[in-house]
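In: show me how the following folds:
(chains A and B)
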Number of protein chains: 2
Amino acid sequence: MYQSKLLSKTRKDAPKDEVSKNAQLLIRAGFVSKEMAGVYSYLPLGLRVMQKIEDIIRDEMNKLGGTEMKTSIIQSKEVWEKSNRWSDELVDNWFKTKLKNGTEVGLSFTNEEAYANILKQYISSYKDLPVYPYDFKSIFRNEARSKSGVLRGREFYWKALYSFSKEENEHNEFYERSKISYKNIFDRVGIGHLTHITFASGGTFSKFSHEFQAVTPAVNKEVYNDEVLNSLGLDKNKLVELKSIEVGNIFSLGTKFSEPFDLKYKNELGEEKLVVMGSYGIGLGRLMGTVVEILSDDKGLVWPASIAPFSIHLIEISSENDKVKKTAESLYGKLAENGIEVLYDDRDARAGEKFNDSDLIGIPLRIVVSEKGIEKGEFEIKERKSGKIEIIKEKDLMEFVKKFVE
Amino acid sequence: MYQSKLLSKTRKDAPKDEVSKNAQLLIRAGFVSKEMAGVYSYLPLGLRVMQKIEDIIRDEMNKLGGTEMKTSIIQSKEVWEKSNRWSDELVDNWFKTKLKNGTEVGLSFTNEEAYANILKQYISSYKDLPVYPYDFKSIFRNEARSKSGVLRGREFYWKALYSFSKEENEHNEFYERSKISYKNIFDRVGIGHLTHITFASGGTFSKFSHEFQAVTPAVNKEVYNDEVLNSLGLDKNKLVELKSIEVGNIFSLGTKFSEPFDLKYKNELGEEKLVVMGSYGIGLGRLMGTVVEILSDDKGLVWPASIAPFSIHLIEISSENDKVKKTAESLYGKLAENGIEVLYDDRDARAGEKFNDSDLIGIPLRIVVSEKGIEKGEFEIKERKSGKIEIIKEKDLMEFVKKFVE
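Out: Predicted structure coming up:
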């Protein structure tokens, strides 16, 4: 893609009310635009990262046996009343609105009720189970304060899978498999080595759930009370406290939702049984923000190859020089032909500005086309993460790039 | 995909309050589930159709030079006040809600304001233009009544592209190219031969816009008044009235939005000029619903190959017969290996029920595996659209299928 057609530009400063590192960098680099606190629009660069994260998660969910669907954002009061979660006293971060006829409706803040309600139409026999439907959708939470950038939005983009199993055993087997899927996801987006599975509160659902915590130099803290520690057989004095961000969570729901929704099936003996449910969430914006919090450096963003908006940042310097322009254009064409995603900085700007922008945007590999290089038949290559610079002969370039992109 | 794992099932009846043909069929066939009037969740079959429509539209938008981004659903009151469209008296179908601190916010009911507001950060010079950003997103309209199924929802999934051009000429050139893109889209989803471009009211923006109307045996009516007819040089008496559904519209917006947002650029002479805008919308659910209204028959849905949830409906009959099961499984594997999307009816059900379900779901090609067929080394093939049945020898099957899918 031509950088001159990218739509966004880098900025010197983020808005003054933006205190989080992730949003500051993402705004300055032109990945997101702030609509209001906790609400962001994704510009082309940011959307490309999100789509790659989405593709990775979708792939892992499908391997796990998941079936994708898309539930509505507007949700019925009646459905939520069944599980007693409509009340503002019990759920304090609802966004609600009204139809013209006065009927109150909610904006989906989670999806257990919606799934249980829909699945009730289709589950009647043991033959219908297990099933693992999942959704990518926008979720709304009316947070009193929202200062963590894309880590905790009032509106955010989310994957939620729900498992519907016949019994505890079947559920537990899937629950264990889901941990592996989640580990794969964090590996594939480039933070697996820093992400740990931890016990966490089960809320009203169960004694505890599992969270995936990515260790970071900033944010968050989860406190275990003595009762939970005891039940886990852990010694408080031996625990090490780390700063971390929760990047995913999985819950065993038991029959907490199948009961109020009367979600039952007939087993092979003709007996009616309640369905056993689980929920498996992951916030895509939060995952993106975590990668930013953990991997960026003082020059800007540093994207892992798997979710980088582009693989190569191709930079021409002295674009007024016809030879430089032609060489860069031709290289851009060749890379594109080989299916390599390239952001081509074709702008009429100084070399220093282009290099700074390139560091800020954080594409994994930079190729510089300059007059001097052309004379010598070579290109300067810089790896964003390590900062390592190499000079590559023209004839070796494509092979080098292909190897890097692999 | 195994039909036993599809999650949805066919139903005898749609909900009683569902009067539209499109929603009745989509609900009965298990493509959508009704949350409330005008709000639907997309089940796996329905989502597959939507994703194919989305892929086609995305491809055409990219060919047109579009750049994809994703704007937020929650929108600021301040932004909408600039164009004077926040007021409930002027826009009567807003969904609004409130942040915890009492701040009123809106749910995006269209996107002109959001785009103008975001682009203002990045447009300053003639070098920044033209740009053509677009979005796929959920749109919310608080309709007093909502009885047209997925044709006119309170919540619907939408593509909107906005053009930002330097002058009228540049705008007009793009506007004409967009008509070709739209024609391509309607061709590719299978209703091009029935879709016509028409003049329509320009609303508050301009004298007229263009709509794409798909001719149908049901719904809608657009009335031209004498003034508009005169200005188009048309004779009322020579017009033929057809029943049709609006499947897309394009608007020239002029400087209607760039003025209130002070969206200006410096031209090559250093003079400040207002950006010229256009908007290009298409509802994905509506397009899906239109295909249903136009192409379905008395047996059920009839999907064009390009947007069908699967290419092949593979049906085994007498699944208790081991040979039938094995042959069907092996054929399913072979088709999948060849990248062909197959829904495999592996359910333990009567042949008549499977055939009726298959007609209702409307996958383009049906392959039946039966004991009799296996004995003779042949398969029964039925084309859903024409109802034509053929007997194909086992050795010729893959070639036949590949040709059909092409």
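In: what comes up buried for stretch A:300-308?
Out: Within stretch A:300-308, the residues that count as buried by 16 or more other CB atoms under 10 Å in any protein chain shown are A:300-304, A:307-308. For glycine as for every other residue, the C-beta is placed from the backbone atoms N, C-alpha and C.
In: closest one of those residues to chain B?
Out: Closest approach to chain B among those (CB to the nearest CB): A:I307, at 15.7 Å.
In: neighbours around the closest residue to A:V19 other than its chain neighbours, how many?
Out: Spatial nearest neighbour of A:V19, chain neighbours left out: A:K147 (5.5 Å); criterion: CB to CB, 6 or more residues apart in numbering or on different chains. Neighbourhood size, A:K147 [other CB atoms under 10 Å in any protein chain shown]: 14.
In: remind me which helix or strand A:K147 belongs to.
Out: According to DSSP states H and E, A:K147 maps onto no helix or strand at all.
In: could you dump the buried residues of stretch A:300-308 to a markdown table with pLDDT, secondary structure and distance to A:N338?
Out: A markdown table is the format used below for those (pLDDT from 0 to 100; DSSP: H, G, I helix; E, B strand; the rest coil; distance: CB to CB, whole Å):
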| residue | pLDDT | secondary structure | distance to A:N338 |
| --- | --- | --- | --- |
| A:G300 | 97 | strand | 27 |
| A:L301 | 98 | coil | 25 |
| A:V302 | 98 | coil | 24 |
| A:W303 | 98 | coil | 20 |
| A:P304 | 97 | coil | 21 |
| A:I307 | 98 | coil | 20 |
| A:A308 | 98 | coil | 17 |
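In: which pair in those residues spans the largest distance?
Out: Spatial extent of the buried residues of stretch A:300-308 (CB to CB) is set by the pair A:G300 and A:I307 at 15.7 Å.
In: ok, now which ones touch the residue nearest to A:V19?
Out: By CB atoms under 8 Å, 6 or more residues apart in numbering or on different chains, A:K147 lies in contact with A:19-20, A:37.
In: phi, psi for the closest residue to chain B within the stretch 151-300 of chain A please.
Out: Scanning the stretch 151-300 of chain A for proximity to chain B using CB to the nearest CB identifies A:E155 as nearest, at 5.0 Å. Taking degrees, to the nearest 10, you get phi -130, psi 130 for the backbone angles of A:E155.
In: how about the contacts made by it?
Out: Here A:E155 is in contact with A:38-40, A:138-140, B:72-74 (CB under 8 Å, 6+ apart).
In: what do you get for A:V79?
Out: Shown in contact with A:V79 (CB under 8 Å, 6+ apart): A:113-114, A:117.
In: can you pick the most crowded of the contacts of A:E155?
Out: Using other CB under 10 Å as the neighbour test, the contacts of A:E155 are led by A:Y40, with 29 neighbours.
In: can you tell me if stretch A:30-40 touches chain B.
Out: Yes - with CB under 8 Å from any CB of the partner chain as the criterion, chain B is reached by stretch A:30-40 at A:30, A:33, A:35-36, A:39-40.
In: all helices for the stretch 151-300 of chain A, in order.
Out: Secondary structure of the stretch 151-300 of chain A by DSSP state H, counting those that start in this stretch: the helices cover A:168-188, A:226-232, A:284-295.
In: which one of the contacts of A:K147 is nearest to chain B?
Out: A:A37 (8.6 Å).
In: what about the closest one, distance to A:G30?
Out: Noted for A:A37: a distance of 20 Å to A:G30, by CB to CB, to the nearest Å.
In: try A:G352
Out: 18 Å.
In: what does A:I381 give?
Out: Distance, A:I381 to A:G30, by CB to CB: 24 Å.
In: neighbour count winner among these two?
Out: Using other CB under 10 Å, the more surrounded residue of A:I381 and A:G30 is A:G30, with 22 against 19.
In: spatially nearest residue to that one, not counting backbone neighbours?
Out: If you skip the residues right next to it in sequence, A:G30 has A:S8 as its closest partner in space, 3.1 Å away by CB to CB, 6+ apart.
In: got it, and A:L129?
Out: Spatial nearest neighbour of A:L129, chain neighbours left out: A:K166 (4.9 Å); criterion: CB to CB, 6+ apart.
In: report pLDDT for that neighbour.
Out: Note for A:K166: predicted pLDDT of 98.
In: what's near enough to touch it?
Out: Per CB under 8 Å, 6+ apart, neighbours of A:K166: A:126, A:129-130, A:265, A:267, A:273, A:275-276.
In: A:L107 now?
Out: Applying CB under 8 Å, 6+ apart to A:L107 gives the contacts A:73-75, A:94-97, A:140, B:97, B:107.
In: same deal with A:V302?
Out: Applying CB under 8 Å, 6+ apart, the residues near A:V302 are A:295-296, A:362, A:384-385.
In: and which of the residues you listed is nearest to B:I191?
Out: Closest approach to B:I191 among these (CB to CB): A:G362, at 43.6 Å.
In: now for the closest one: which residues touch it?
Out: A:29, A:296, A:300-303, A:308, A:384.
In: which stretches of the stretch 201-350 of chain A have low pLDDT?
Out: Applying pLDDT under 70 to the stretch 201-350 of chain A picks out residues A:201-208, A:217-242, A:319-320.
In: what parts of it come near chain B?
Out: A:D348.
In: OK, now which residue of the stretch 201-350 of chain A is nearest to chain B?
Out: Minimum separation of the stretch 201-350 of chain A from chain B (CB to the nearest CB) falls at A:D348, amounting to 7.5 Å.
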